[in-house]
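next input, structure requested:
(chains A and B)
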Amino acid sequence: MSSPLLEVTDLCIGYDGKSIVDDICFCVASGSYLCIIGENGAGKSTLLKTISGLQKPIYGTVKFSVHRREIGYLPQQAVIRHDFPTSAKEIISSGALSKSEWYRPFCSKQEKERIAWASEKTGVDGFLGQCFRELSGGQQQRVLLARALVTAKNAVILDEPTAGLDPEATKEFYELLLKLNRDEKITIIMVTHDIEGAEKHATHVLELRKQNAEDDFFFGTVNEYAERGRSL
Amino acid sequence: MSVAELLRFPFTQYALAASVLMAICAALIGVPLVLKRYSFMGFGLSNVAFMGMAFALVIDMENSMALVMPLTVVATVLLIGLGNRFKQVSGDASLAMLTVGSLAIGHFVINTFSIRGGNIDRAVSETLFGGTRLVTLNARPQEVWLALVITVLVVIFYLFFYRRIYAVTFDTEFMQATGQHPIVYELMLSVITGVVIAMSMSLLGSLLTASLIIFPALSAMRLSKTYKGVLFCAVIIAAVCSPVGIFTALLFELPPTTTIIMVNIAAFVLLTALSALRKLLA
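Predicted coordinates:
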């Protein structure tokens, strides 16, 4: 196995110096599909934000083997302003900025190809010119995934991407992620509260439990997770 | 007098140039401000510029811009650029304090310490609401040239960083998570905002400045559904409303600054009605 894409060592996460979970250790190999699950308030989103560099760890390290500029991100839905006047294409194009030199006012040819590729892979090329707020929930999430893919050569980090979607759109979205993971070898790191959906596609599971539990986190492959049972 | 005759007077030309240039600048910075839900910021900051003007008046400064500009820029950077990072006082409260406080301080300072003769009330009224007749709209040639330079710089800045301005307006979290530095662009945008507000305030008064930031942006949002479209429409609407307002004011002897605002409000109401009608028919 090659060196891990993401290495998290002795990580303690929390807000304002108050820890939620400590001593988190895990590695994500390139090409895996990791689901982060746990109860509300167990620190899933905080962990994801810490991994994404949006929040400082209390202690411990988060190390990617590639630059952050090559990792896509799909924020929690509350972050996105759903009434913002913007087209799907404008959103997707903004994914190219992370690797664009600051003095470049327009998209390069390479970036345009990347945008076209991401739009095609996520199946949003049919409504690129349409206004974001007029799209369905599932379409909106696919547009945001396309933006993440424009940035991501290696990995995409997603924070509850299917929250609020109807079952049909949820299923479609998971299938899309699986396809990207299998065919394009894109590493997926995703927070979700949908344990069944996670088990079906993921290769690895990271479960956070409330701190008073005996051991407050589990990390392993899907099979190891299933063997342990959910009785713990 | 006909419009063509009016156009021959230098003061008409200055007023026209100043109001169109500043309207374009204000529309450009207004779109991200309104979209980031900072609509009220324009009014608060033009009051800060008013306070700066009051101090400049009291110490009898030759070039008031030298005080007003830095003061407004610092206030903008503190409020917009850094405000959401250090939450000592909530954004809403700090903006309200700034708006009311700077207006009060400005008025207090002028009335208490002004050594210059003349009508203080009128000076205050003109800085806030602009002149009541066109001649007193404070446009002087060198200031109009400065306004032109600022407009050109703002447009260049905008074209150059267009994609980044879009990104910090739409989703800063994504920028940060993908290893970029949104704060750099937020700071640049707030410096530009401060410069435009200070310039516009000194030329057109604080009320018109605040109006030019919100109305063209909001009208444009009734017309277009893309960011680029909104920006483009806002600039056009701003550039059309100002001369229409000025000529209306001249022809019917109305106060020019508030007439421009009336035209902007009318445009907003009209476009809102049109877009409601379009939705109804669709």
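
for chain B, what are the low-confidence residue spans?
B:1, B:81-91, B:115-118, B:131-139 (pLDDT under 70).

what residues does it have near chain A?
If contacts are counted using Cβ under 8 Å from any Cβ of the partner chain, the residues of chain B sitting beside chain A are B:35, B:159-164, B:166-167, B:170-171, B:173-180, B:221, B:224-230. All C-beta atoms are positioned from the backbone trio N, CA, C, and that covers glycine.

what's the neighbour count on the closest residue to chain A within the stretch 51-200 of chain B?
Among residues of the stretch 51-200 of chain B, the one nearest chain A by Cβ to the nearest Cβ turns out to be B:G179. It sits 3.2 Å away. When neighbours are defined as other Cβ atoms under 10 Å in any protein chain shown, B:G179 has 18 of them.

how far away is the residue lying closest to it once chain neighbours are set aside from A:L180?
If you skip the residues right next to it in sequence, B:G179 has A:R68 as its closest partner in space, 3.2 Å away by Cβ to Cβ, 6 or more residues apart in numbering or on different chains. With distances defined as Cβ to Cβ, to the nearest Å, the gap from A:R68 to A:L180 amounts to 19 Å.

B:V195 now?
With distances defined as Cβ to Cβ, the gap from B:V195 to A:L180 amounts to 45 Å.

and what of B:A282?
When Cβ to Cβ is applied, the distance between B:A282 and A:L180 equals 35 Å.

quick one, which of these two is more surrounded?
A:L180 (21 against 5).

a helix runs through the more buried one, doesn't it?
Yes: inclusion of A:L180 in a helix is indicated when DSSP: H, G, I helix; E, B strand; the rest coil is applied.

for the residue nearest to it when sequence neighbours are not counted, what are its contacts?
Distances taken as Cβ to Cβ, 6+ apart put A:I186 closest to A:L180, at 4.8 Å, once the chain neighbours are dropped. For A:I186, the set of contacting residues under the criterion of Cβ atoms under 8 Å, 6 or more residues apart in numbering or on different chains consists of A:31, A:149, A:152, A:154-156, A:180.

check the gap between A:Y103 and A:S93 for me.
The separation that A:Y103 has from A:S93, given Cβ to Cβ, amounts to 18 Å.

got the contacts of A:I186 as a markdown table, with secondary structure columns?
Supplementary listing: the contacts of A:I186 in a markdown table, determined by three-state DSSP:
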| residue | secondary structure |
| --- | --- |
| A:G31 | coil |
| A:L149 | helix |
| A:A152 | coil |
| A:N154 | coil |
| A:A155 | strand |
| A:V156 | strand |
| A:L180 | helix |
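
for chain B, state which of these is nearest.
Using Cβ to the nearest Cβ, A:A152 is the member of the contacts of A:I186 that sits closest to chain B, with 8.6 Å.

wait, isn't the closest one in contact with A:E70?
Yes: distance between A:A152 and A:E70: 6.6 Å, which falls inside the contact criterion (Cβ atoms under 8 Å).

between those two, which has more neighbouring residues?
It is A:A152, of A:A152 and A:E70, that has more neighbours when counted by other Cβ under 10 Å, with 27 against 16.

mind pulling up the pLDDT for that one?
You'll see A:A152 listed with a pLDDT of 86.

give the helix, strand or coil label for the residue of chain A most remote from its centre.
Residue farthest from the centre of chain A, counting by Cα atoms, centre = their mean, is A:Y103 at 29.0 Å. The assignment at A:Y103 comes out as coil when based on three-state DSSP.

where does it fall, phi/psi-wise?
In terms of degrees, to the nearest 10, the main-chain angles of A:Y103 are phi -90, psi 10.

how far off centre is stretch A:5-12?
16 Å (Cα atoms, centre = their mean, to the nearest Å).

coming back round to it: what's the farthest-apart pair in the contacts of A:I186?
In those, the most distant members under the criterion Cβ to Cβ are A:G31 and A:L149, with 15.5 Å between them.

and the two? Which one has more around it.
The residue with more neighbours, out of A:G31 and A:L149 and counting by other Cβ under 10 Å, is A:L149; that gives 24 against 18.

just give the nearest non-adjacent residue to that one, would you?
The shortest distance from A:L149 to any residue that is not its chain neighbour, by Cβ to Cβ, 6+ apart, is 3.9 Å, and that residue is A:A118.

how about the one you found, what does it touch?
For A:A118, counting by Cβ under 8 Å, 6+ apart, the contacting residues are A:92, A:95, A:146-147, A:149-150.

cutoff 7 Å now
When contacts are counted by Cβ atoms under 7 Å, 6 or more residues apart in numbering or on different chains, A:A118 touches A:92, A:146, A:149-150.

can you redo the residues you listed as TSV with secondary structure?
As requested, the contacts of A:A118 are arranged in TSV below (three-state DSSP):
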residue	secondary structure
A:I92	helix
A:A146	helix
A:L149	helix
A:V150	helix
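
and the contacts of stretch A:51-63?
Outside of stretch A:51-63, the residues within contact range by Cβ under 7 Å, 6+ apart are A:7-14, A:17, A:19, A:46, A:49-50, A:68, A:73, A:157, A:189, B:173, B:176-177.

quick one: the helices in the stretch 1-150 of chain B?
Listed in chain order, the helices found in the stretch 1-150 of chain B under DSSP state H, counting those that start in this stretch are B:3-7, B:10-35, B:41-58, B:65-76, B:91-113, B:120-129, B:141-160.

tell me the most buried of the ones you listed?
Each of the helices of the stretch 1-150 of chain B was given a mean neighbour count from mean count of other Cβ atoms under 10 Å in any protein chain shown, and the largest, a mean of 26, is that of helix B:41-58.

wait, is B:A198 part of a helix?
Yes: looking at B:A198 with three-state DSSP, it is inside a helix.

tell me the spacing between it and B:L45.
As judged by Cβ to Cβ, B:A198 and B:L45 stand 8 Å apart.

shaky segments in chain A?
A:1-2, A:211-216, A:229-232.

so which bits of it are right by chain B?
Counting by Cβ under 7 Å from any Cβ of the partner chain, chain A comes close to chain B at A:52-54, A:67-69, A:71, A:73, A:75, A:79-80, A:84-87, A:90-91, A:94, A:97-98, A:105, A:131, A:151.

out of the residues you listed, which sit inside strands?
For the residues of chain A next to chain B, the ones inside strands are A:71, A:73, with DSSP state E as the criterion.

any of the residues of chain A next to chain B buried? List them.
Buried residues within the residues of chain A next to chain B, defined by neighbour count using 16 or more other Cβ atoms under 10 Å in any protein chain shown: A:52-54, A:68, A:71, A:73, A:75, A:80, A:84-87, A:90-91, A:94, A:97-98, A:131, A:151.

out of the contacts of stretch A:51-63, which are buried?
When the contacts of stretch A:51-63 are checked for burial by 16+ other Cβ under 10 Å, the buried set is A:8, A:11, A:13-14, A:19, A:46, A:49-50, A:68, A:73, A:157, A:189, B:173, B:176-177.

from those residues, which single one is nearest B:A217?
Distance from B:A217 was checked for each of these by Cβ to Cβ. The minimum falls on B:E173, at 22.9 Å.

hmm, the closest one is touching A:I80, no?
No: in this structure, B:E173 sits apart from A:I80 without contact. The criterion is Cβ atoms under 7 Å, and the distance is 9.0 Å.

and the closest residue to B:V124 other than its chain neighbours, what is it in contact with?
In space, not counting the residues next to it along the chain, B:V124 is nearest to B:I110; the distance is 6.0 Å by Cβ to Cβ, 6+ apart. Taking Cβ under 7 Å, 6+ apart as the definition of contact, the neighbours of B:I110 are B:54, B:57-58, B:120, B:124.

which members of these are the farthest-apart pair?
Pairwise distances among the contacts of B:I110 were taken by Cβ to Cβ; the largest, 12.1 Å, belongs to B:V58 and B:V124.
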